[in-house]
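Undergrad: Could you work out the structure for the sequence below:
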Amino acid sequence: MIGLADWAPNPHALIVHLPIGLLVTAVVVDVLAVVRKDRTTLRLVSTGLHVSGTVLLLVAYLTGRDAAPEVFTPGLALAVVTRHWDQALWCVWYFGLATAGRVGLQLRYGRLGRSTAAGLAVVGVGGVLLLATAAELGGRLVYEYGVGVAAPVDAGR
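TA: Sure thing, here's the model as predicted:
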């Protein structure tokens, strides 16, 4: 894989924060759509955030998998890497299906009622909990094990 720059050897670290921000914002907008009287605009904004966040989540997953063999990973971190990959894949599937369902509902029914908005918000909160677990594991890899930021130790020194 070709590095972007010396300080950014792979795009995963640059991309991964975007879907997190978009999807968390989408869920906040979902919650606002439940409590507001005029929900149409909020629901459309939320759906756009969900679609873009889900697409970028897939990109983040793929760039992370692609970056894994390129970065220094201490042996103790391998189990956490596997859990991070698994959790990230669950997030991709969860948000992919939830977003497809949301888009399908809006195309089929157009204006959705308060109970549907509440259901979409609950589904979104569930996804954010999955996402938080994957993000926590990714943070552990970086901040506890130095994956992707620590240079391999040169045995010849």
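Undergrad: hey, which helix is longest across this structure?
TA: helix 78-109 (DSSP state H).
Undergrad: could you give the mean pLDDT of it?
TA: Mean pLDDT, helix 78-109: 94.
Undergrad: what's around the nearest residue to Arg39 once chain neighbours are set aside, how many residues?
TA: Of all residues not flanking Arg39 in the chain, Ala33 sits nearest, at 4.3 Å (C-beta to C-beta, 6 or more residues apart in numbering). (Glycine included, C-beta is placed from N, CA and C.) Neighbour count for Ala33, taken as other C-beta atoms under 10 Å: 24.
Undergrad: Find me the pLDDT at Ala33, would you?
TA: In this model, Ala33 carries a pLDDT of 87.
Undergrad: how about it, secondary structure?
TA: helix (DSSP: H, G, I helix; E, B strand; the rest coil).
Undergrad: same deal with Tyr145?
TA: Applying three-state DSSP: Tyr145 is coil.
Undergrad: How about the contacts made by it?
TA: Shown in contact with Tyr145 (C-beta atoms under 8 Å, 6 or more residues apart in numbering): 73-74, 76-77, 80.
Undergrad: ok, Ala33 touching Thr47?
TA: No: judged on C-beta atoms under 8 Å, Ala33 makes no contact with Thr47 at a distance of 10.1 Å.
Undergrad: same for the lowest-mean-pLDDT helix or strand in the chain, what does it pack against?
TA: Using mean pLDDT, DSSP states H and E, helix 12-15 stands out as the lowest-scoring helix or strand of the chain, at a mean of 88. Packing contacts for helix 12-15, counted by 3 or more C-beta pairs under 8 Å, 6 or more residues apart in numbering; DSSP states H and E, involve helix 40-67.
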